[in-house]
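Chemist: Any chance you could fold what I've pasted below:
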Amino acid sequence: MEKKINNTLLFTGKDGSQMVFHVLFTYHSDNFNKDYAVFYNEADENEVIVYAYDADLTLSVVQTEEEYAELDQALQQFDQEQATNN
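Modeler: Numbering: from 1, shown residues only. Purely as a prediction, here's the structure:
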């Protein structure tokens with residue numbers, strides 16, 4: 001893993017509803033030359049959400065199945081590291 005950061009993000013919907021997300025870890029892919037952030041919602045810590053981000057911290061959706069496959073491997077590695085450290 002590149003690094004784990006402890007950020008909390010607050011997203012506000014058009015209807016004014018708010019959702020709190022925490023950044024679980026960030027990941028850089030040399031294969032795709034992109035950076036990714038893996039988030040989870042306080043309401044469901046078992047579901048993760050992944051977005052690519054750029055230097056301006058603008059989020060964008062993951063584009064391909066190949067990216068998802070690499071990110072799945074990164075998430076599995078992160079889980080294994082967490083299990084080892086606990």
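Chemist: middle-most residue in this protein, spatially?
Modeler: Val38 (0.9 Å; Cα atoms, centre = their mean).
Chemist: My read is that that one contacts Phe21, right?
Modeler: No: counting by Cβ atoms under 8 Å, Val38 does not reach Phe21; the two are 10.2 Å apart. In this view, the C-beta of every residue, glycine as well, is placed from N, C-alpha and C.
Chemist: what residues are shared contacts of these two?
Modeler: Here Val38 and Phe21 have Ile49 as joint contacts, going by Cβ atoms under 8 Å, 6 or more residues apart in numbering.
Chemist: that older thread, check the gap between the residue nearest to the centre of the chain and Lys14 for me.
Modeler: 25 Å (Cβ to Cβ, to the nearest Å).
Chemist: Mind giving me the packing neighbours of the lowest-mean-pLDDT helix or strand in the chain?
Modeler: Using mean pLDDT, DSSP states H and E, strand 8-12 stands out as the lowest-scoring helix or strand of the chain, at a mean of 76. Applying 3 or more Cβ pairs under 8 Å, 6 or more residues apart in numbering; DSSP states H and E, one finds that strand 8-12 contacts strand 18-29.
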